[in-house]
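1. next input, structure requested:
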Amino acid sequence: MATTLHPSRLCPPVFRRWARAAATVLALLCATGAWAQSAGKSPENRYALVIGNADYRHSPLKNPVNDARAVAARLQALGFQVTLKLNAPLATMMESLRTLLTEGKRSDVRLFYFAGHGVQVKGRNYLVPVDAEALNEDDIVARSADLNGLIERL
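-> Numbers count the residues shown, from 1 in each chain. Just a heads-up that it's a prediction; the model follows:
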């Protein structure tokens, strides 16, 4: 179930100008091979990055950390090598996304799951780290993870 973030709750000066809020929960699956090869066989190498951000200063959330833990546990049970990050600041998110891109090249399947705040600025979507302090749209671009860029690189 997707919920939207009212822009004025997180940082009033900037969020009022945003076109819309992105979904609270985002799951993206990008397979470099087939998700399921032949019947009964699993891909050799599965990698997942799971991020759950809830501890936002201006607009904390209740469920992302629990959701991220549950997703990570299920993915591990399905044979994924999982990197789980909870309440990640920007530096942690960016490093984790770089790892997803590099590990993914060696993986048959790579999966990214994000639970937390997201925003859209000028048609681009951004995942908001817990340490985001945005003053204007340029700050969002510089202080958030660009989801469109990630999808393009995947």
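
2. now the helices for the chain?
-> All helices of the chain, identified by DSSP state H, fall at 7-10, 12-15, 64-77, 90-105, 137-143, 147-153.

3. mean pLDDT lowest for which of these?
-> Lowest mean pLDDT of the helices of the chain: helix 12-15, a mean of 37.

4. for residue 126, the count of nearby residues, please.
-> 23 (other CB atoms under 10 Å). All C-beta atoms are positioned from the backbone trio N, CA, C, and that covers glycine.

5. could you do residue 74 as well?
-> If we define neighbours as other CB under 10 Å, then residue 74 has 13 of them.

6. residue closest to the middle of the protein?
-> Among the residues of the chain, the one closest to the centroid is residue 114, at 3.1 Å (CA atoms, centre = their mean).

7. surely that residue touches residue 51?
-> Yes - the pair residue 114 / residue 51 is scored as a contact, 5.0 Å apart, by CB atoms under 8 Å.

8. any residues in contact with both of those two?
-> residue 127 (CB atoms under 8 Å, 6 or more residues apart in numbering).
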